[in-house]
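Q: Sequence and predicted structure are below.
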Amino acid sequence: SNGYITFGSFNNHLKISDQVLDMWALILLQVPDARMVLKFPKAHDPGVRRFMLQRFEAHGIDPDRISLRGMNDYVDHLRCLGQVDLLLDTYPFNGYRTTLEGLWMGVPTITLPGTTHVSRAGLAVMTQLGLDTVFVARTPRAYVDRACIYAKRWHELARIRSTLRDKLLSSSICDCPGFARDLEEAFRYMWQQWCAKQMRGVAPSSDVSALPQAHRRGLLVRAALARSRHLRPLPPGASRSKMILEREGNPDFWADRANAIQQDRTRMSEARLYWQRASELAPDNMAYLQAYATCVRDAGDVEQCIEILERGIARAPGEGDLEFQWLQTVNYLPGYDRAYLSQRAKQWYENHLAGISGFGRYNSVSPLSGTLKLGLLSGEFYENGAMSFYEPALRALNRDAFTLYAYSNVKTPDAGTARFTTLFD
């Protein structure tokens, strides 16, 4: 109805790698009247918006063709999909929930699969709906070509869009009872394997002091970061200028300022500068370096985040938190060998988690029968998009075979939290 096609991506902006931006730019250059909508939580921050638009401009794309939108309530989020004709998946970290939301609202996604788990989510979804031959590209060139083709085949695209919700509902993706049965079998199998292992070995230690030194240090680092800091009032008779100089030379002063504002979506770029200053003043404080790297990543500069983390890992090789964040962040970038990443993840586990196998032996349940007790640990037991995935599966579990317990630290309980409480024993 607009007279032009609107492409979209509602994925986290961290997933917008240089490689996928190259492909998007080629599409927009070949379809000169097209527009693109990007929707992600950090779009409210002026620095993030400026950085993202500059990336498009560097590829020769007029920023006026790009619409950046932040997050709103979930119903409005789905309505925004009605303004998009075709979604373009990110690479190498595909979307998943956003791809399903698009299908529900009648908007397909062109996706490019890779070799890692996170780069094959789009392929998995489209294959379940029988659309892999239509919207799954095997090369970057094919990804660009398919987008450009459907930009011209409006009538064919409209026909496909009209069938998507029914295809989704009839697929195995929406077979909640079937998924719940598979989940039950997986839980039972894991329990049997764990019991068999305990029968062959020694009971896990319940002594927290047995945890690896690096892991305990990581816990202390996170506790120090989370601790509330308060600046002391100016002593009577003290020089305010001298106090200001002393404060500005104190890394804790900058960390305090960063902590105070970083939850504000519109001031994240400012918090990034404060964490940078704190880490420069305290180069051996890996907690400050990690916080700085996180802000850089959230601002959209994933490559610089990787560089900061690697600098910290080289300086403090035993810091498991830095290595763990590195392992998470490299998923957003192409070019990393899967075998290499697997080896580093295995090494991280052996260095930091191998000694954490449990806190006591459980003999109350037979490995072959009886009721299994499942504990769910999450800070997201509230109304959100991810909740819509696992809530139906939990409701479909056989409660004669499973008892559910939940552990959560939801800061602002809502209707979703109240609904979740009815699920647990």
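A: Alright, I've got the coordinates. Numbers count the residues shown, from 1 in each chain.
Q: Could you list the low-confidence segments of the stretch 251-400 of the chain?
A: Of all residues in the stretch 251-400 of the chain, those with pLDDT under 70 make up the ranges 265, 354-369.
Q: Sketch out the helices for it, chain order is fine.
A: According to DSSP state H, counting those that start in this stretch, the stretch 251-400 of the chain carries its helices in the segments 251-261, 268-281, 286-298, 302-315, 320-329, 338-352, 387-395.
Q: buried stuff in the second one?
A: What it means is helix 268-281. Applying a neighbour-count criterion of 16 or more other CB atoms under 10 Å, one finds Met268, Ser269, Glu270, Ala271, Arg272, Tyr274, Trp275, Gln276, Arg277, Ala278, Ser279, Leu281 buried in helix 268-281. In short, each C-beta sits where N, CA and C put it, glycine included.
Q: May I see those arranged in a markdown table, with distance to Gly47 as well?
A: Converted to a markdown table, the buried residues of helix 268-281 look like this (distance: CB to CB, whole Å):
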| residue | distance to Gly47 |
| --- | --- |
| Met268 | 7 |
| Ser269 | 3 |
| Glu270 | 8 |
| Ala271 | 10 |
| Arg272 | 8 |
| Tyr274 | 13 |
| Trp275 | 13 |
| Gln276 | 13 |
| Arg277 | 16 |
| Ala278 | 18 |
| Ser279 | 18 |
| Leu281 | 22 |
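Q: Quick check: Asn384 touching Thr417?
A: No: in this structure Asn384 lies outside contact range of Thr417 using CB atoms under 8 Å: 10.6 Å.
Q: more neighbours, the two?
A: Of the pair Asn384 and Thr417, Thr417 is the one with more neighbours under other CB atoms under 10 Å, namely 16 against 12.
Q: show me what contacts Arg181?
A: Neighbouring residues of Arg181 by CB atoms under 8 Å, 6 or more residues apart in numbering: there are none.
Q: which of the helices of the stretch 251-400 of the chain sits most buried?
A: Highest mean neighbour count among the helices of the stretch 251-400 of the chain (mean count of other CB atoms under 10 Å): helix 286-298, with a mean of 24.
Q: quick one, longest helix in the protein?
A: Of all the elements of type helix in the chain, the one with the most residues (DSSP state H) is helix 176-200.
Q: can you tell me which residues contact Arg35?
A: With contacts taken as CB under 8 Å, 6+ apart, Arg35 has the following neighbours: Asn2, Tyr4, Ile5, Thr6, Phe7, Arg65, Ile66, Ser67.
Q: what's next to the helix or strand where the fifth one lies, contact-wise?
A: Read it as Phe7. Phe7 is part of strand 6-9 when elements are defined by DSSP states H and E. Outside of strand 6-9, the residues within contact range by CB under 8 Å, 6+ apart are 16, 24, 27-28, 34-39, 81, 83-90, 95, 98, 107, 147.
Q: Cross the residues you listed against helices and list the overlap.
A: Checked against DSSP H, those include these in helices: Trp24, Ile27, Leu28, Leu81, Thr98, Ala147.
Q: Most neighbours among those, which one is it?
A: Of all the ones in helices among the contacts of strand 6-9, the most densely surrounded is Thr98 (27 neighbours; neighbours counted as other CB under 10 Å).
Q: Could you double-check that that residue lies in contact with Lys15?
A: No: in this structure, Thr98 sits apart from Lys15 without contact. The criterion is CB under 8 Å, and the distance is 9.6 Å.
Q: Please enumerate the strands of the stretch 101-250 of the chain.
A: Using DSSP state E, counting those that start in this stretch, the strands of the stretch 101-250 of the chain run over residues 109-110.
Q: Show me the shaky parts of it.
A: Scanning the stretch 101-250 of the chain for pLDDT under 70 picks out the ranges 200-247.
Q: show me where it has helices.
A: Read by DSSP H, counting those that start in this stretch, the stretch 101-250 of the chain holds these helices, from start to end of the chain: 121-128, 132-135, 140-152, 154-161, 164-170, 176-200, 213-226, 240-248.
Q: what is the orientation angle of the third one with helix 154-161?
A: Going back to what we said before, that points to helix 140-152. Taking axes from the mean of the first three to the mean of the last three CA atoms, to 10 degrees, one finds that helix 140-152 is oriented at 100 degrees with respect to helix 154-161.
Q: which residues make contact with helix 140-152 from outside it?
A: Among residues not part of helix 140-152, those counted as contacts by CB under 8 Å, 6+ apart are 5, 7, 19, 22-23, 26-27, 30-31, 34, 86, 88, 91, 110-112, 135, 137, 156-157.
Q: buried sites along that helix?
A: Residues of helix 140-152 classed as buried by neighbour count (16+ other CB under 10 Å): Pro140, Tyr143, Val144, Asp145, Arg146, Ala147, Cys148, Tyr150, Ala151.
Q: returning to what we had before: please name whichever of the helices of the stretch 101-250 of the chain is nearest to Asn351.
A: Each of the helices of the stretch 101-250 of the chain has some distance to Asn351 by CB to CB; the shortest is helix 213-226, at 6.4 Å.
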